[in-house]
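Novice: What would the 3D arrangement of this be:
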Amino acid sequence: MTAPGTAPDNDTPAGDTGRPRFSRRVRHWLAGAGITALAAVLGITLAVRGGATPACAAPPTGNAVHKGKASFYDAGRSGGNCSFPGPPADRLYVALGASQYSGSAACGSYLEVSGPKGKVQVMVMDQCGGCGPSKIDLSTEAFTRIADRSQGIAPVTYRAVVNPPLNGGLTFRMKGGASKYWFAVQVGNHGNPLRSVEAKGPGGGFRKAARQSDNHWAIEGGIGPGPYSIRVTDVYGRQATATGIRLVTKQVQRSTATLASLSPTPSNSPSAPPSPTIAPAPTPTESAAPTATVEALAGAAAPLDRPRC
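Specialist: Residues are numbered from 1 along each chain as shown. All right, here's what the predicted structure looks like:
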């Protein structure tokens, strides 16, 4: 029995206006739902602030044209979030927002950026923490090619440069700490975004490496002391293999294998492997070129496995 003058928990006595009040159970349920919703919002906010890669993220590829705005910055002698030894010699580079940087998937690819004053080709070297999906951050040298520096921010359009012509072949740089028990390499001078990297030591088969957020490719457990054969595939299906890569950390090893074509315009049909390019003489921080072979080349205007957003 309920005591006189006391309503049960699920009772809905009328208020002063005559309209029923919410029961305590309903109020408790709404409060819990509100807390859950708030937690979800906070979780999303923390993920964004923490630099998490968006679920549907991909670097610019193919013929898609992106419209947005560009600012500028100076990375100094740093190689940016892509962990390159330093900026490109011409200092024409760009930082992308998290969705297009895509956890380092855009590193080493090229964009053509058009602004009020003209066009410039830049290499993706960095992630821009304050850039949304339509904002890019150019090097100061690149920005002044397409707009007046006094503008600060300029309207731009940009697109991927497919199969950019490059000077020399693929480069490889073993990460500090790499050993026969832990393989970790950075691939450079590839032009197009990379889809996969595989490697093998003497007497073993190719094993797939996992892309790391610092633009290295790692194989847990290692593949021995080397020398290694490394097979690289880009997002358009172009593939090349370099051999003789040594276990020497923090040094750039040049090869004659190349994923880029002699023309920036991709072909719609498979093309014959190009003649090996003679690599320039190594600098004091670079080692001699390993041997290399091009296994397959198949240019295409549309990338493979592109996320559908």
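
Novice: So, low pLDDT: which residues of the stretch 1-150 of the chain?
Specialist: Residues of the stretch 1-150 of the chain meeting the criterion pLDDT under 70: 1-56.

Novice: how does it look with 80?
Specialist: 1-57 (pLDDT under 80).

Novice: quick one, helices of it?
Specialist: 24-49, 98-101, 140-146 (DSSP state H, counting those that start in this stretch).

Novice: how many neighbours does Gly86 have?
Specialist: Burial measure for Gly86: 14 neighbouring residues, criterion other C-beta atoms under 10 Å. Where C-beta positions appear, they are placed from N, C-alpha and C, glycine not excepted.

Novice: Can you tell me how far it is from Lys119?
Specialist: 25 Å (C-beta to C-beta, to the nearest Å).

Novice: again with Ala58
Specialist: With C-beta to C-beta as the criterion, Ala58 and Lys119 are 23 Å apart.

Novice: So which of these two has more stuff around it?
Specialist: Between Ala58 and Lys119, Ala58 has the larger neighbour count (other C-beta under 10 Å), namely 19 against 13.

Novice: these two touch, right, that one and Ala98?
Specialist: No: assessed by C-beta atoms under 8 Å, Ala58 is found out of contact with Ala98, at 11.5 Å.

Novice: confidence score at Gly221?
Specialist: On pLDDT, Gly221 comes in at 94.

Novice: residues touching it, list them.
Specialist: 181-182 (C-beta atoms under 8 Å, 6 or more residues apart in numbering).

Novice: same deal with Arg231?
Specialist: 197-199, 206, 239-241, 295.

Novice: Make JSON lines from those and add neighbour count, pLDDT and secondary structure to it.
Specialist: Conversion of the contacts of Arg231 to JSON lines gives the following (neighbours: other C-beta atoms under 10 Å; pLDDT from 0 to 100; DSSP: H, G, I helix; E, B strand; the rest coil):
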{"residue": "Val197", "neighbour count": "23", "pLDDT": "98", "secondary structure": "strand"}
{"residue": "Glu198", "neighbour count": "18", "pLDDT": "98", "secondary structure": "strand"}
{"residue": "Ala199", "neighbour count": "25", "pLDDT": "98", "secondary structure": "strand"}
{"residue": "Phe206", "neighbour count": "14", "pLDDT": "98", "secondary structure": "coil"}
{"residue": "Gln239", "neighbour count": "19", "pLDDT": "96", "secondary structure": "strand"}
{"residue": "Ala240", "neighbour count": "26", "pLDDT": "96", "secondary structure": "strand"}
{"residue": "Thr241", "neighbour count": "22", "pLDDT": "97", "secondary structure": "strand"}
{"residue": "Glu295", "neighbour count": "13", "pLDDT": "39", "secondary structure": "strand"}
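
Novice: now, among the residues you listed, which is nearest to Pro165?
Specialist: Of all the contacts of Arg231, the one with the least separation from Pro165 (C-beta to C-beta) is Ala240, at 15.3 Å.

Novice: How about the closest one: what's its closest non-neighbour residue?
Specialist: Distances taken as C-beta to C-beta, 6 or more residues apart in numbering place Ala257 nearest to Ala240, at 3.9 Å, with adjacent residues excluded.

Novice: Phi and psi next, for the one you found.
Specialist: phi -70, psi 140 (degrees, to the nearest 10).

Novice: Go ahead and confirm it touches Thr241.
Specialist: Yes: under the contact definition of C-beta under 8 Å, Ala257 touches Thr241, with a separation of 6.4 Å.

Novice: Show me where the stretch 151-300 of the chain has its strands.
Specialist: For the stretch 151-300 of the chain, the strands defined by DSSP state E, counting those that start in this stretch occupy 154-160, 171-174, 182-188, 194-200, 207-208, 210-211, 217-220, 228-234, 239-245, 252-254, 286-287, 292-296.

Novice: Next, format these as TSV and append distance to Lys69.
Specialist: Shown next, in TSV, are those (distance: least, C-beta to C-beta, whole Å):
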stretch	distance to Lys69
strand 154-160	6
strand 171-174	33
strand 182-188	29
strand 194-200	28
strand 207-208	38
strand 210-211	29
strand 217-220	33
strand 228-234	28
strand 239-245	36
strand 252-254	34
strand 286-287	37
strand 292-296	39
